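*Asks:* Sequence unavailable; structure follows:
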């Protein structure tokens, strides 16, 4: 049975998990001179946690939930909760296996997040690209079809693979000797899908 549109998008955003930082990020046009430094700092992060609120709008459906995303170099976990802290779903992953868990249902596993989504919803979602967008970076394997910098010289608006990703603001996060600007509000739009992620807190550790 196919998942409902809202359940699909929950799974989709939960699967914005990182495949590492080994790819070379493409050159971004019209960026400030500080961009290479910023890019290198974001790529060097080894462990990080993000806590925030996700709003979902799809045709004839929508909703919001809280997420807590914990990322390690080799594994990850994301927990979604609704009002009053009740669990909605959780996704965990490591090399070669991604697992989706929902209360009262058997866990679902696949080798990759892309396969998990495709097998259970019938959709093909560019998970690898989205994992870069959420960190404020362009995807390394997709052509940039639209780009607008903000006043800080960071990405204000990015278009790749038919998706329009808008960064409403950035947060100053303490990492090392100076703050690092990380996305605080992200809106991703593709056809009739609109996702809004407001990140309240980032916690990070540089790679060893």
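*Replies:* Looks like it came in fine. None of the values given here were measured: they were computed from a predicted structure.
*Asks:* And the strands in the protein, which stretches?
*Replies:* All strands of the chain, identified by DSSP state E, fall at 45-58, 61-71, 75-81, 87-94, 97-101, 108-110, 144-149, 155-160, 163-175, 178-190, 193-206.
*Asks:* buried stuff in the third one?
*Replies:* Neighbour counts using 16 or more other Cβ atoms under 10 Å place 76, 77, 78, 79, 80 of strand 75-81 among the buried residues. Backbone N, C-alpha and C define where each C-beta goes, glycine included.
*Asks:* Please produce JSON lines containing the residues you listed, extended by distance to residue 66.
*Replies:* Converted to JSON lines, the buried residues of strand 75-81 look like this (distance: Cβ to Cβ, whole Å):
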{"residue": "76", "distance to residue 66": "17"}
{"residue": "77", "distance to residue 66": "14"}
{"residue": "78", "distance to residue 66": "11"}
{"residue": "79", "distance to residue 66": "9"}
{"residue": "80", "distance to residue 66": "7"}
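*Asks:* Is it possible to get these out as TSV so that each row also shows pLDDT and distance to residue 115?
*Replies:* Output for the buried residues of strand 75-81, formatted as TSV (pLDDT from 0 to 100; distance: Cβ to Cβ, whole Å):
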residue	pLDDT	distance to residue 115
76	82	16
77	84	18
78	81	17
79	84	22
80	82	20
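*Asks:* about what we covered before: just put the strands of the chain in JSON lines and tack on distance to residue 135.
*Replies:* Below are the strands of the chain laid out as JSON lines (distance: least, Cβ to Cβ, whole Å):
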{"stretch": "strand 45-58", "distance to residue 135": "8"}
{"stretch": "strand 61-71", "distance to residue 135": "10"}
{"stretch": "strand 75-81", "distance to residue 135": "13"}
{"stretch": "strand 87-94", "distance to residue 135": "17"}
{"stretch": "strand 97-101", "distance to residue 135": "19"}
{"stretch": "strand 108-110", "distance to residue 135": "23"}
{"stretch": "strand 144-149", "distance to residue 135": "16"}
{"stretch": "strand 155-160", "distance to residue 135": "10"}
{"stretch": "strand 163-175", "distance to residue 135": "11"}
{"stretch": "strand 178-190", "distance to residue 135": "7"}
{"stretch": "strand 193-206", "distance to residue 135": "10"}
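*Asks:* taking these together, which one is wrapped up most tightly?
*Replies:* strand 155-160 (a mean of 20; mean count of other Cβ atoms under 10 Å).
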